[in-house]
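Participant: using only what follows, build the 3D model:
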Amino acid sequence: MNKVILVGNLTRDPELITTNNGISLCRFSLAVQRRFASQDGEREADFINIVVWRAQADNCYKYLKKGSKCGVVGSLQTRSYDATDGTKRYSTEVVAEEVEFLASKNSSGADELAPDETGSKNSGKNDVVNKFEPIDDDNLPF
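Facilitator: As a prediction, the model looks like this:
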């Protein structure tokens, strides 16, 4: 079984590439905090390379930016290649199957909620609750 689940913040803006066959490929790096603090009391982070394909790659490129928080579900993949100087290089990355857009940092540094399906930002749970209309108990079918 090869399954990776990560939640973190983008360390740089995503890069979009189109293959010769016209397939979209998006790459970005995710900073994921470790669970425990070091001996100095500092919480360290791991920087994980993420690869996303096709329509989901287009969406990541369009909606994510440096500092955005997202969740990624995918599989770990290692590959090797020969560098221009003749040395063999290795690369380990997560090939994303699912990417969930979570809160991002706005320009003031405060957390901001991700866009909903309509593209507008939700300001909180109370806004959702306020959209419900009261129901009279006498009108319930049970």
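Participant: which parts of the chain are strands?
Facilitator: 4-10, 15-18, 24-37, 43-53, 69-82, 88-101, 104-105, 111-112 (DSSP state E).
Participant: for the third one, the distance to its chain's centre please.
Facilitator: Centroid separation between strand 24-37 and its chain, computed with Cα atoms, centre = their mean, to the nearest Å, is 8 Å.
Participant: tell me which strands and helices it is in contact with?
Facilitator: Judged by 3 or more Cβ pairs under 8 Å, 6 or more residues apart in numbering; DSSP states H and E, the packing partners of strand 24-37 are strand 4-10, strand 15-18, strand 43-53, helix 54-63. For glycine as for every other residue, the C-beta is placed from the backbone atoms N, C-alpha and C.
Participant: partners of the first one in the sheet?
Facilitator: Strand 4-10 pairs in its sheet with strand 24-37 (antiparallel), strand 69-82 (antiparallel), by DSSP bridges.
Participant: any idea which of the ones you listed gets closest to residue 61?
Facilitator: Residue 61 lies closest, by Cβ to Cβ, to one member of the strands paired with strand 4-10: strand 24-37, at 5.0 Å.
Participant: contacts for the closest one, please.
Facilitator: Identification of contacts with strand 24-37 by Cβ atoms under 8 Å, 6 or more residues apart in numbering yields 6-19, 43-58, 60-61, 64, 70, 72.
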